[in-house]
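Asks: Here's a sequence, model it:
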Amino acid sequence: MKRLPPLAFLIACALLVAPRAMLSAADATAGFVNAAQFGFSPAATGLENTAALQRAVDQRGTIVVSQPGIYKVAGTVFIGSHTSLVFGHNVFLQKSDEQGAFTHVLLNKGALTKTYDEHISVEGLSIIVNGMDVRKFLVYGLHGQLAFFYVKDLRVERFRCLDLGKAQYGIHICTFEDIVVRDVVIHGDKDGVHLGRGKRFTISGGVFKTFDDAIALNAHDYDVGNPELGWIEDGVVENCHDLTDDKRKIGYFCRILAGAWIDWREGMEVQKSDTVVSNGRLYRVFADPDEKIYRSVTRPTHESGAQVLDGIKWVVVQNDVTYTAGVRNVVFRDIFLEKPRIGFSVHFDVGRFSRSYYPGALVPKQEQLLFDNVRVLHDQPAQLLSVGTPMDVLTIVNSSFRNSRINFHGNKAMADYLKTKINIHGCVFNQPGAMDLVTNSVPGKQIVLKTSGNLELHDNFTARVVAGPGTIVVDSDLTGLRK
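Replies: Alright, predicted model coming up:
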């Protein structure tokens, strides 16, 4: 091989090294950081790791945790705008009680000041709760293991948590715009993914085995359930599985919780979790769930925090006023219901923990909910849809029914639950024999049911409707309902 002259050899070496040097400079500019550089290690204590990971995410850019292992964390790590946190395979964050119990493993920085954080992604996070299931509120009402409040352009992907307790949600997001939660596996006692008010969202690729709700779209909530109130709108929930377990069948695959309230007025009666509008703000009653009724004679006007007036603890919830909360323009697609419980519940709370609808408030009508390819995989009698609020239209297409009905019920919150139209098209009915397709117990409720293009699997199948104290107008292709 011909040798290069010394000068040519040096030039060739420079050309080979230059692209690598330029790549390193580009990486540094882009902000790629390995958290190990800051002392984040499986061998470190929880206190050391919490401080180390905080130093790393404070750099912003992309922070990588690449070394497999169980990393103890002994406090909340706060993540800010323009930050991506990427965990490699077989990396676990385990909550560790080294300076007292804490709630969130990760929380966005702006949550503490109600300042929007933007462009955040968390990928590959696996949390081991390790029995630390507490509500030590940094933001009252926010209690996810992974939590965000006031956030835009958020992506959470490949999240795992298999030991949720009874107090904390897996993922909790409230007051948001443009969020994506994708590829999550969540097991345990409390809600898997719990949303408060916000718009434009996608929840996809979820596998849930939860004692309580797999997914909660809680536009209204208990006073400790969400930090703010309002509408959840313009979203997709898709490719999700509600797995069964041997526990008591409570909760739902998806809870859809609505509410409404009024302006404060002298002498009004309030209870725990009631909301009022006063002085350009929303105020809520924070109290024990003891069914106590309070009479309010002093208007709440304080600008922040809590104040006790007439024995009532009024807490400022938010400064932008709305009188209603609910869910609208949401598509549920490719949902597999293995657990024999209510699939979707659209309702008001009423009881000692919360009264979603204050008498005389505006009617919070749930709007334009679409159910596409919902598969009921169990044979036990259970409601596919339980509806306890006014709703305009229910559309169910390409789905698989078993012994699963649509049930309308009321809680006497209002005199008129309005008319609801139901469109069922292209579905398969697997139930042998008779099934109640739509039932109603709301006085005066009007329902219009239209079905078309459906398939009955068994020759002895027949569908029925039970109007109860309301009316159901039927235009159907199903046996038992055809005219």
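Asks: quick one: contacts for the closest residue to A36 other than its chain neighbours?
Replies: Distances taken as C-beta to C-beta, 6 or more residues apart in numbering place Q67 nearest to A36, at 6.2 Å, with adjacent residues excluded. Any C-beta I mention is one placed from the backbone N, CA and C, and that applies to glycine too. Taking C-beta atoms under 8 Å, 6 or more residues apart in numbering, we find Q67 in contact with A36, S41, P42, G88, V91.
Asks: can you pick the most crowded of the residues you listed?
Replies: In terms of neighbour count, V91 stands highest of the contacts of Q67 at 20 neighbours, by other C-beta atoms under 10 Å.
Asks: what about the helices in the chain?
Replies: 6-30, 46-57 (DSSP state H).
Asks: what residues does the shortest one touch?
Replies: Helix 46-57 is contacted by residues 33, 35, 37-41, 44, 63, 65, 71-80, 83, 85, 94-96, 98-99 when judged by C-beta under 8 Å, 6+ apart.
Asks: Which of those are buried? Put it as a ChimeraX command.
Replies: The ChimeraX selection below is limited to those of these classed as buried (16 or more other C-beta atoms under 10 Å):
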select :33,35,38,40,41,44,63,65,71,72,73,74,75,76,77,78,79,80,83,85,94,95,96
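Asks: give the contact list for L370.
Replies: By C-beta under 8 Å, 6+ apart, the contact set of L370 is V330, V331, F332, R333, T395, V397.
Asks: change it to 10 Å
Replies: By C-beta atoms under 10 Å, 6 or more residues apart in numbering, L370 lies in contact with V236, N329, V330, V331, F332, R333, V393, L394, T395, I396, V397, N423.
Asks: In strands, which of these fall?
Replies: V236, N329, V330, V331, F332, R333, V393, L394, T395, I396, V397, N423 (DSSP state E).
Asks: got the contact list for the residue most central in space within the chain?
Replies: Among the residues of the chain, H194 comes closest to the average C-alpha position under C-alpha atoms, centre = their mean, at 2.5 Å. Going by C-beta under 10 Å, 6+ apart, H194 touches 142-144, 147, 168-174, 212-213, 215-218, 221, 225-226, 255.
Asks: try 8 Å this time
Replies: G144, Y169, G170, I171, H172, I173, D213, I215, A216, N218, N226.
Asks: ok, the last one touching N218?
Replies: Yes: N226 is within contact range of N218, at 5.7 Å (criterion: C-beta atoms under 8 Å).
Asks: which residues do those two both contact?
Replies: Joint contacts of N226 and N218 (C-beta under 8 Å, 6+ apart) are H194, G196.
Asks: now, which of the contacts of Q67 lie within strands?
Replies: Within these, residues falling in strands by DSSP E are V91.
Asks: in the contacts of Q67, which two residues are the furthest apart from each other?
Replies: Largest separation among the contacts of Q67 by C-beta to C-beta: S41 and G88, giving 13.6 Å.
Asks: ok, the residue nearest to V442 when sequence neighbours are not counted - contacts?
Replies: Nearest-residue entry for V442: G410, 4.1 Å, with adjacent residues in sequence omitted and distances by C-beta to C-beta, 6+ apart. Applying C-beta under 8 Å, 6+ apart to G410 gives the contacts G388, Y417, S441, V442, P443, K445.
Asks: and which of those residues is nearest to L106?
Replies: The closest of the contacts of G410 to L106 turns out to be G388 (C-beta to C-beta; 34.5 Å).
Asks: neighbours around the nearest residue to G192 once chain neighbours are set aside, how many?
Replies: Of all residues not flanking G192 in the chain, I186 sits nearest, at 3.9 Å (C-beta to C-beta, 6+ apart). For I186, the count of nearby residues is 26 (other C-beta under 10 Å).
Asks: any idea how far I186 lies from E266?
Replies: As judged by C-beta to C-beta, to the nearest Å, I186 and E266 stand 46 Å apart.
Asks: okay but F87 is in contact with G124, surely?
Replies: Yes: assessed by C-beta under 8 Å, F87 is found in contact with G124 at 3.7 Å.
Asks: more crowded one of the two?
Replies: Comparing F87 with G124 by neighbour count (other C-beta under 10 Å), the higher total belongs to F87, at 23 against 18.
Asks: which residues does that one form a beta bridge with?
Replies: For F87, the beta-bridge partners are V65 (DSSP bridges).
Asks: Strands of the stretch 51-200 of the chain, start to end?
Replies: 61-65, 69-73, 77-79, 83-87, 91-95, 106-108, 117-123, 126-128, 144-164, 169-188, 193-195, 198-210 (DSSP state E, counting those that start in this stretch).
Asks: Direction included, what does the third one pair up with?
Replies: In this case it means strand 77-79. strand 106-108 (parallel).
Asks: Drop anything exposed from the contacts of G410.
Replies: The buried subset of these (16+ other C-beta under 10 Å) comprises G388, Y417, V442, K445.
Asks: show me what contacts the first one?
Replies: Right, the one you point to is G388. S345, V346, H347, F348, F408, H409, G410, N411.
Asks: Give me the distance between the closest residue to H347 other than its chain neighbours and F401.
Replies: Closest residue to H347 apart from its sequence neighbours, by C-beta to C-beta, 6+ apart: G388 at 3.6 Å. For G388, the distance to F401 (C-beta to C-beta) stands at 21 Å.
Asks: Repeat that for G69.
Replies: In terms of C-beta to C-beta, G69 sits 47 Å off from F401.
Asks: okay, these two: which has more neighbours?
Replies: F401 (25 against 13).
Asks: In contact with that one, which residues?
Replies: Going by C-beta under 8 Å, 6+ apart, F401 touches V376, L384, C427, V428, F429, N430, Q431, M435, L437.
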